[in-house]
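**Student:** The sequence isn't on hand, but the structure is:
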């Protein structure tokens with residue numbers, strides 16, 4: 001009986017030790033919010049770098065600008081999602097501390113995206129880490145801090161935010177201001193000129209032999225509001241230096257004291273993005289630094305409707 005009590009005592013000690021060891025070795029959930037205490041307004045630079053692209057965004061007096069690999073305006077929604085995601089995410093559980101496992105989480109150099117965040121007055125990054133693939137829960141991803149071998153679950157940090165291409169962050173609209181809110185629009189096409197004038201919510205078109213309702217003219221204008229650039233070209237220059245032919249369509253938007261001219265070229269270019277597999281046309285705009293490409297079908301739909309106004 002005495003031996004039985006001794007054995008039970010030894011087993012109890014071993015069990016207690018195992019429980020303590022289990023809790024001690026259990027992955028920690030730090031629940032750290034790396035940028036939680038950072039004022040969004042003080043974030044000055046965000047750098048994203050992976051195998052396919054490197055991008056640098058800079059906050060210039062409250063306006064975000066893409067400065068590398070090209071200096072251009074950014075799509076506000078895209079940069080806002082990026083900043084919001086970085087501000088809100090937290091570092092959760094450790095899932096591995098073995099660098100040999102990085103490939104399982106897409107944290108190897110050819111798949112991970114390195115993200116660095118800098119604030120005003122500080123040369124050292126307040127966040128420097130690597131984003132891997134999506135984790136089990138939607139919106140989470142695997143994350144590693146520079147200089148720390150551990151792989152964490154980054155809660156509320158969608159990996160797709162860091163897998164986007166440069167063009168996905170550039171301002172895509174052909175017209176910066178809404179054509180539907182313009183005071184007047186002048187359109188030149190096929191050796192003819194159409195003059196559209198807006199008063200309140202009513203559109204009129206001068207010089208027509210056939211009567212058209214304000215709703216019909218408004219429908220034509222609304223087609224312009226959804227013109228987006230499918231791809232971006234090099235810095236805008238003399239059309240002849242860009243290998244362009246003659247103008248195909250010219251649209252001049254008048255809004256108050258501001259006038260902006262957009263020219264669609266006659267040249268048809270095979271889709272360089274390989275996303276659409278259709279021809280495109282080059283476009284230049286007075287208020288844009290870079291040439292753009294638009295799907296030729298979008299232009300054709302507009303000009304076909306324009307030709308009904310006689």
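**Tutor:** Structure's in. What do you need? Remember, predicted model here, so these are calculated numbers, not experimental data.
**Student:** Please give the element, helix or strand, for residue 91.
**Tutor:** Assigned by DSSP states H and E, residue 91 belongs to strand 90-96.
**Student:** Any idea how far that strand is from the middle of the chain?
**Tutor:** 27 Å (CA atoms, centre = their mean, to the nearest Å).
**Student:** What of stretch 125-137?
**Tutor:** The answer for stretch 125-137 is 18 Å, by CA atoms, centre = their mean.
**Student:** got the buried residues for it?
**Tutor:** By neighbour count on 16 or more other CB atoms under 10 Å, the buried set for stretch 125-137 is 125, 127-132, 134-135. Where you see a C-beta, it was placed from the backbone N, CA and C, and this is true even at glycine.
**Student:** Dump the residues you listed to TSV, plus distance to residue 225.
**Tutor:** What follows is the buried residues of stretch 125-137, written out as TSV (distance: CB to CB, whole Å):
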residue	distance to residue 225
125	40
127	37
128	41
129	39
130	40
131	35
132	39
134	34
135	39
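**Student:** all helices for this protein, in order.
**Tutor:** Assigned by DSSP state H, the helices in the chain fall at 2-25, 76-88, 214-224, 296-306.
**Student:** tell me the mean pLDDT over the first one?
**Tutor:** In other words, helix 2-25. In this model, helix 2-25 has an average pLDDT of 43.
**Student:** how many other residues sit next to residue 113?
**Tutor:** When counting by other CB atoms under 10 Å, one arrives at 24 neighbours for residue 113.
**Student:** Please read the previous query as pertaining to residue 61.
**Tutor:** 4.
**Student:** Give me the contact list for stretch 82-91.
**Tutor:** Applying CB atoms under 8 Å, 6 or more residues apart in numbering, the external contacts of stretch 82-91 come out as 30-36, 38, 40, 43, 46, 57, 64, 115, 117, 127, 143, 145, 152-158, 161.
**Student:** Please disregard the earlier target; I meant stretch 214-234.
**Tutor:** By CB under 8 Å, 6+ apart, stretch 214-234 touches 70, 72, 167, 170, 172-175, 178-180, 182, 185, 196, 202-205, 242, 251, 271-273, 275-276, 280, 282-283, 290-295, 298, 301-302, 305-306, 309.
**Student:** if you set the cut-off to 6 Å instead, what comes out?
**Tutor:** Identification of contacts with stretch 214-234 by CB atoms under 6 Å, 6 or more residues apart in numbering yields 167, 170, 172, 174, 178-180, 202-203, 205, 272-273, 290-293, 295, 302, 305.
**Student:** Got a quick PyMOL command for the buried subset of the residues you listed?
**Tutor:** Buried residues within those, by 16+ other CB under 10 Å, are selected in PyMOL with:
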select buried, resi 170+172+174+179+203+205+290+291+292+293+295+302
